[in-house]
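Chemist: fold the following.
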Amino acid sequence: MKRTIALIVAMVVAACGSSTSTTVGTVPAPATTFPSTTAPTATEPPPTTSAAAVPAGYAIHGSTDLGFEVALPESWFVADLTADDIDEIADVLAADNPELVELLRTATSDDELVFRFWAFDLDDTVDEFLTNVNVTAFPRGPFDDPEIYQEALGPQFESVGGRLISSELVDLGDGGLFVAMEIPLVNAQGADVTSNGFQLFAFTENEVINISFSTDTPEEYAEAIDVMRDTFILR
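Modeler: Numbers count the residues shown, from 1 in each chain. Below you'll find the model as predicted:
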(Lines give C-alpha, C1' and ligand atoms only; values in the text may rest on other atoms or scores of the structure.)
Protein backbone atom coordinates (compact mmCIF):
# COMPACT_ATOMS: atom_id res chain seq x y z
CA MET A 1 0.00 0.00 0.00
CA LYS A 2 3.03 2.30 0.01
CA ARG A 3 2.13 3.74 -3.38
CA THR A 4 -1.34 4.83 -2.25
CA ILE A 5 0.29 7.99 -0.90
CA ALA A 6 0.33 9.16 -4.53
CA LEU A 7 -3.39 9.84 -4.16
CA ILE A 8 -2.54 12.91 -2.12
CA VAL A 9 -0.22 14.41 -4.72
CA ALA A 10 -3.03 15.91 -6.82
CA MET A 11 -4.48 17.65 -3.79
CA VAL A 12 -1.12 19.09 -2.78
CA VAL A 13 -0.43 20.34 -6.30
CA ALA A 14 -3.85 21.92 -6.62
CA ALA A 15 -3.59 23.72 -3.30
CA CYS A 16 -0.31 25.33 -4.28
CA GLY A 17 -0.31 25.41 -8.06
CA SER A 18 -1.98 28.78 -8.52
CA SER A 19 0.29 30.52 -6.01
CA THR A 20 3.79 29.58 -7.06
CA SER A 21 5.81 31.82 -9.33
CA THR A 22 5.50 29.15 -12.00
CA THR A 23 1.84 28.95 -12.98
CA VAL A 24 0.91 25.45 -14.02
CA GLY A 25 0.07 25.22 -17.68
CA THR A 26 1.34 28.63 -18.79
CA VAL A 27 5.10 28.15 -19.07
CA PRO A 28 7.15 26.04 -21.47
CA ALA A 29 7.88 22.58 -20.09
CA PRO A 30 11.49 22.07 -18.92
CA ALA A 31 13.48 19.36 -20.61
CA THR A 32 13.20 16.97 -17.65
CA THR A 33 9.71 15.61 -17.10
CA PHE A 34 8.06 12.76 -15.29
CA PRO A 35 7.88 9.51 -17.25
CA SER A 36 4.67 10.00 -19.14
CA THR A 37 3.09 9.83 -22.54
CA THR A 38 2.27 12.99 -24.47
CA ALA A 39 -1.02 14.45 -23.34
CA PRO A 40 -3.90 12.77 -25.17
CA THR A 41 -6.34 14.51 -27.44
CA ALA A 42 -9.99 14.03 -28.22
CA THR A 43 -9.22 12.67 -31.70
CA GLU A 44 -8.80 9.02 -30.73
CA PRO A 45 -11.38 6.65 -32.23
CA PRO A 46 -14.02 5.51 -29.75
CA PRO A 47 -13.47 2.17 -28.00
CA THR A 48 -15.62 -0.84 -28.74
CA THR A 49 -17.36 -0.43 -25.37
CA SER A 50 -18.29 2.73 -23.53
CA ALA A 51 -19.26 3.22 -19.91
CA ALA A 52 -21.73 6.03 -20.62
CA ALA A 53 -22.71 8.59 -23.23
CA VAL A 54 -20.63 11.76 -23.12
CA PRO A 55 -22.74 14.82 -22.26
CA ALA A 56 -22.57 18.05 -24.23
CA GLY A 57 -19.76 20.30 -23.05
CA TYR A 58 -17.39 17.42 -22.30
CA ALA A 59 -14.40 16.12 -24.26
CA ILE A 60 -12.97 12.60 -24.30
CA HIS A 61 -9.33 12.17 -23.28
CA GLY A 62 -7.24 9.03 -23.37
CA SER A 63 -5.77 6.45 -25.69
CA THR A 64 -4.86 2.80 -25.90
CA ASP A 65 -1.25 3.69 -25.01
CA LEU A 66 -2.37 5.49 -21.86
CA GLY A 67 -4.69 2.63 -21.00
CA PHE A 68 -7.81 4.63 -20.26
CA GLU A 69 -10.48 6.95 -21.58
CA VAL A 70 -12.46 9.56 -19.65
CA ALA A 71 -14.65 12.59 -20.35
CA LEU A 72 -13.87 15.94 -18.70
CA PRO A 73 -15.22 19.48 -19.21
CA GLU A 74 -13.99 20.60 -22.61
CA SER A 75 -12.69 23.92 -21.25
CA TRP A 76 -10.14 22.24 -18.97
CA PHE A 77 -6.43 22.60 -19.68
CA VAL A 78 -4.38 19.41 -20.17
CA ALA A 79 -0.96 20.04 -18.64
CA ASP A 80 2.47 18.48 -18.82
CA LEU A 81 3.40 18.80 -15.15
CA THR A 82 7.17 18.65 -14.83
CA ALA A 83 9.72 17.71 -12.22
CA ASP A 84 10.62 21.39 -11.79
CA ASP A 85 6.97 22.20 -11.04
CA ILE A 86 6.88 19.53 -8.33
CA ASP A 87 10.11 20.83 -6.79
CA GLU A 88 8.72 24.36 -6.62
CA ILE A 89 5.47 23.14 -5.06
CA ALA A 90 7.44 21.19 -2.46
CA ASP A 91 9.39 24.35 -1.58
CA VAL A 92 6.12 26.23 -1.01
CA LEU A 93 4.82 23.46 1.23
CA ALA A 94 7.97 23.02 3.28
CA ALA A 95 7.21 25.55 6.01
CA ASP A 96 3.62 24.61 6.84
CA ASN A 97 3.17 21.05 5.54
CA PRO A 98 6.45 19.12 5.98
CA GLU A 99 4.65 15.78 6.24
CA LEU A 100 2.99 16.36 2.86
CA VAL A 101 6.31 17.37 1.35
CA GLU A 102 7.68 14.00 2.41
CA LEU A 103 4.71 12.25 0.81
CA LEU A 104 5.08 14.31 -2.34
CA ARG A 105 8.79 13.53 -2.65
CA THR A 106 8.25 9.83 -1.99
CA ALA A 107 5.45 9.50 -4.52
CA THR A 108 7.21 11.37 -7.31
CA SER A 109 10.54 9.60 -6.77
CA ASP A 110 9.02 6.14 -7.23
CA ASP A 111 10.28 5.01 -10.64
CA GLU A 112 7.39 2.56 -10.94
CA LEU A 113 4.75 5.25 -10.43
CA VAL A 114 3.89 6.96 -13.72
CA PHE A 115 1.90 10.18 -13.99
CA ARG A 116 -0.02 9.67 -17.22
CA PHE A 117 -2.36 12.64 -17.32
CA TRP A 118 -3.00 16.03 -15.68
CA ALA A 119 -5.90 18.38 -16.40
CA PHE A 120 -6.80 21.60 -14.59
CA ASP A 121 -9.79 23.92 -14.53
CA LEU A 122 -7.94 27.19 -15.00
CA ASP A 123 -11.25 29.05 -14.67
CA ASP A 124 -11.40 27.97 -11.01
CA THR A 125 -10.14 31.30 -9.65
CA VAL A 126 -12.33 31.67 -6.57
CA ASP A 127 -9.48 30.77 -4.21
CA GLU A 128 -5.97 29.34 -4.25
CA PHE A 129 -7.02 25.78 -5.12
CA LEU A 130 -6.96 24.56 -8.72
CA THR A 131 -9.56 21.87 -9.28
CA ASN A 132 -7.85 19.10 -11.22
CA VAL A 133 -7.84 15.52 -12.43
CA ASN A 134 -4.78 13.31 -12.69
CA VAL A 135 -4.17 9.73 -13.68
CA THR A 136 -1.37 7.59 -12.27
CA ALA A 137 -0.42 3.96 -12.82
CA PHE A 138 1.94 1.46 -11.23
CA PRO A 139 2.64 -2.26 -11.53
CA ARG A 140 0.13 -4.44 -9.72
CA GLY A 141 1.59 -6.33 -6.79
CA PRO A 142 0.31 -9.30 -4.79
CA PHE A 143 -1.50 -7.06 -2.30
CA ASP A 144 -3.00 -4.69 -4.87
CA ASP A 145 -6.62 -5.79 -4.61
CA PRO A 146 -9.88 -3.79 -4.43
CA GLU A 147 -10.98 -5.35 -1.15
CA ILE A 148 -7.59 -4.78 0.47
CA TYR A 149 -7.57 -1.16 -0.68
CA GLN A 150 -11.09 -0.63 0.62
CA GLU A 151 -9.99 -1.77 4.08
CA ALA A 152 -6.64 0.00 4.16
CA LEU A 153 -7.35 3.43 2.64
CA GLY A 154 -9.09 4.81 5.74
CA PRO A 155 -6.01 4.44 7.98
CA GLN A 156 -3.80 5.70 5.13
CA PHE A 157 -5.74 8.95 4.86
CA GLU A 158 -6.04 9.35 8.63
CA SER A 159 -2.25 9.11 8.95
CA VAL A 160 -1.95 12.48 7.19
CA GLY A 161 -4.97 14.10 8.82
CA GLY A 162 -7.48 13.11 6.17
CA ARG A 163 -10.79 11.29 6.35
CA LEU A 164 -12.31 8.56 4.20
CA ILE A 165 -15.92 9.54 3.51
CA SER A 166 -17.11 6.55 1.48
CA SER A 167 -15.88 3.61 -0.56
CA GLU A 168 -17.64 1.36 -3.05
CA LEU A 169 -16.51 -1.63 -5.08
CA VAL A 170 -17.31 -1.13 -8.78
CA ASP A 171 -17.25 -3.25 -11.92
CA LEU A 172 -14.10 -2.09 -13.72
CA GLY A 173 -11.38 -4.24 -15.30
CA ASP A 174 -10.31 -7.02 -12.95
CA GLY A 175 -11.97 -5.07 -10.14
CA GLY A 176 -12.54 -1.47 -9.24
CA LEU A 177 -12.97 0.82 -6.25
CA PHE A 178 -14.49 4.30 -5.97
CA VAL A 179 -13.67 6.35 -2.88
CA ALA A 180 -14.45 9.83 -1.60
CA MET A 181 -12.16 11.46 0.95
CA GLU A 182 -11.02 14.81 2.29
CA ILE A 183 -7.77 16.19 3.63
CA PRO A 184 -6.94 19.56 5.22
CA LEU A 185 -4.19 21.60 3.54
CA VAL A 186 -2.54 24.98 3.94
CA ASN A 187 -2.22 26.80 0.64
CA ALA A 188 0.61 29.07 -0.48
CA GLN A 189 -1.12 32.08 1.08
CA GLY A 190 -1.27 30.40 4.49
CA ALA A 191 -5.02 29.82 4.36
CA ASP A 192 -6.61 26.57 5.47
CA VAL A 193 -8.40 24.67 2.72
CA THR A 194 -10.10 21.28 2.64
CA SER A 195 -9.46 19.23 -0.45
CA ASN A 196 -12.08 16.70 -1.46
CA GLY A 197 -10.82 13.78 -3.51
CA PHE A 198 -12.86 11.38 -5.61
CA GLN A 199 -10.78 8.39 -6.68
CA LEU A 200 -11.37 5.53 -9.08
CA PHE A 201 -9.00 2.55 -8.90
CA ALA A 202 -9.01 0.19 -11.86
CA PHE A 203 -7.17 -3.10 -11.47
CA THR A 204 -5.86 -4.92 -14.52
CA GLU A 205 -3.79 -8.07 -14.75
CA ASN A 206 -0.52 -6.13 -14.68
CA GLU A 207 -1.15 -2.69 -13.21
CA VAL A 208 -3.33 -0.42 -11.13
CA ILE A 209 -4.64 2.76 -12.76
CA ASN A 210 -5.96 5.52 -10.51
CA ILE A 211 -7.89 8.59 -11.62
CA SER A 212 -8.20 11.34 -9.02
CA PHE A 213 -10.60 14.31 -9.09
CA SER A 214 -9.56 16.93 -6.50
CA THR A 215 -11.46 20.09 -5.57
CA ASP A 216 -12.30 22.23 -2.56
CA THR A 217 -15.79 22.96 -3.91
CA PRO A 218 -17.28 19.53 -4.68
CA GLU A 219 -20.83 20.85 -4.87
CA GLU A 220 -19.85 22.98 -7.88
CA TYR A 221 -18.31 20.01 -9.67
CA ALA A 222 -20.91 17.36 -8.81
CA GLU A 223 -21.81 16.80 -12.47
CA ALA A 224 -18.19 16.63 -13.62
CA ILE A 225 -17.37 14.12 -10.87
CA ASP A 226 -20.30 11.94 -11.92
CA VAL A 227 -19.30 12.17 -15.59
CA MET A 228 -15.72 11.22 -14.73
CA ARG A 229 -16.93 8.17 -12.84
CA ASP A 230 -19.49 7.14 -15.47
CA THR A 231 -17.26 7.55 -18.53
CA PHE A 232 -13.94 6.22 -17.24
CA ILE A 233 -13.03 2.98 -19.02
CA LEU A 234 -9.90 0.92 -19.57
CA ARG A 235 -8.47 0.68 -23.07
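Chemist: for the protein, give me the ranges with low pLDDT.
Modeler: Applying pLDDT under 70 to the chain flags the ranges 1-51, 80-113, 125-128, 186-190.
Chemist: same thing but at 80, please
Modeler: The model of the chain has pLDDT under 80 over residues 1-52, 79-115, 124-130, 160, 185-193.
Chemist: tell me where it has strands.
Modeler: 58-63, 68-73, 77-79, 114-120, 132-139, 163-170, 176-186, 192-203, 207-215, 233-234 (DSSP state E).
Chemist: show me what contacts the closest residue to I183 other than its chain neighbours?
Modeler: Distances taken as Cβ to Cβ, 6 or more residues apart in numbering put G162 closest to I183, at 3.5 Å, once the chain neighbours are dropped. For glycine as for every other residue, the C-beta is placed from the backbone atoms N, C-alpha and C. By Cβ atoms under 8 Å, 6 or more residues apart in numbering, the residues touching G162 are 8, 181-184.
Chemist: including distance to D124 and neighbour count, could those go into JSON lines?
Modeler: Formatted as JSON lines, the contacts of G162 follow (distance: Cβ to Cβ, whole Å; neighbours: other Cβ atoms under 10 Å):
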{"residue": "I8", "distance to D124": "19", "neighbour count": "24"}
{"residue": "M181", "distance to D124": "20", "neighbour count": "25"}
{"residue": "E182", "distance to D124": "17", "neighbour count": "18"}
{"residue": "I183", "distance to D124": "18", "neighbour count": "22"}
{"residue": "P184", "distance to D124": "19", "neighbour count": "15"}
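Chemist: need the contact list for T215.
Modeler: 14, 124, 129, 131-132, 195-196, 221.
Chemist: what's the answer for E158, then?
Modeler: L164.
Chemist: how close does it get to P139?
Modeler: 26 Å (Cβ to Cβ, to the nearest Å).
Chemist: about what we covered before: mind checking the strands of the chain for the one nearest to D145?
Modeler: Smallest distance to D145 across the strands of the chain (Cβ to Cβ): 7.2 Å, for strand 192-203.
Chemist: tell me how many other residues crowd the closest residue to G176 other than its chain neighbours.
Modeler: Spatially, and ignoring its direct neighbours in sequence, G176 is nearest to V170 (4.0 Å; Cβ to Cβ, 6+ apart). For V170, the tally of surrounding residues (other Cβ atoms under 10 Å) stands at 15.
Chemist: what does S75 give?
Modeler: 11.
Chemist: pretty sure it contacts F120?
Modeler: No - shown here, S75 and F120 do not form a contact pair, counting by Cβ atoms under 8 Å, at 10.5 Å.
Chemist: that older thread, in a markdown table, list the strands of the chain along with distance to E151.
Modeler: Below are the strands of the chain laid out as a markdown table (distance: least, Cβ to Cβ, whole Å):
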| stretch | distance to E151 |
| --- | --- |
| strand 58-63 | 29 |
| strand 68-73 | 25 |
| strand 77-79 | 33 |
| strand 114-120 | 25 |
| strand 132-139 | 19 |
| strand 163-170 | 9 |
| strand 176-186 | 11 |
| strand 192-203 | 13 |
| strand 207-215 | 16 |
| strand 233-234 | 23 |
